[in-house]
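Enquirer: Coordinates only, no sequence provided:
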């Protein structure tokens, strides 16, 4: 399974500068911690699971080969989302978050039911708003 994920950002990630870079770092660490936990649960159940480093497109947990997975291009192909080409990179246009979004992708051989169970176990319940 290919598992596209999206985190809402506090600032527009098309922007350059310290605020955008700090937000990208914060969202990367949030995704990395969450995806590592989900993958650990799935691997513990005997399935293959990994996720890509959104900055490099390389596997985070497994062997690194010369191929990369471009999250934005993958999400454009899978979900038909619009993309903005900024010249240095491509930015996904999320239908709800616009460009205030951090996309990242996880992969697994687990069946949907086991994937959803691992996600639910790893995701803290939402608190009061």
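Expert: In hand now; what should we look at? Just so it is clear, the model here is predicted, and its values are computed rather than measured. Residues are numbered from 1 along each chain as shown.

Enquirer: any idea which element the most centrally placed residue in the chain lies in?
Expert: The centroid of the chain falls nearest to residue 104 when counting by CA atoms, centre = their mean (1.6 Å). Residue 104 is part of strand 101-108, with elements assigned from DSSP states H and E.

Enquirer: any idea of the pLDDT on the residue nearest to the centre of the chain?
Expert: For residue 104, the pLDDT comes out at 94.

Enquirer: can you pull up the bridge partners for it?
Expert: Counting by DSSP bridges, residue 104 is bridged to residue 5.

Enquirer: Roughly how far does it sit from residue 50?
Expert: Plainly put, residue 104 is 12 Å away from residue 50 if you go by CB to CB, to the nearest Å. Heads up, the C-betas are built off the backbone N, CA and C, glycines and all.

Enquirer: what's the answer for residue 82, then?
Expert: Distance from residue 82 to residue 50, by CB to CB: 27 Å.

Enquirer: who has more neighbours, the two?
Expert: Remark: of residue 82 and residue 50, residue 50 carries more neighbours, 19 against 11, as counted by other CB atoms under 10 Å.
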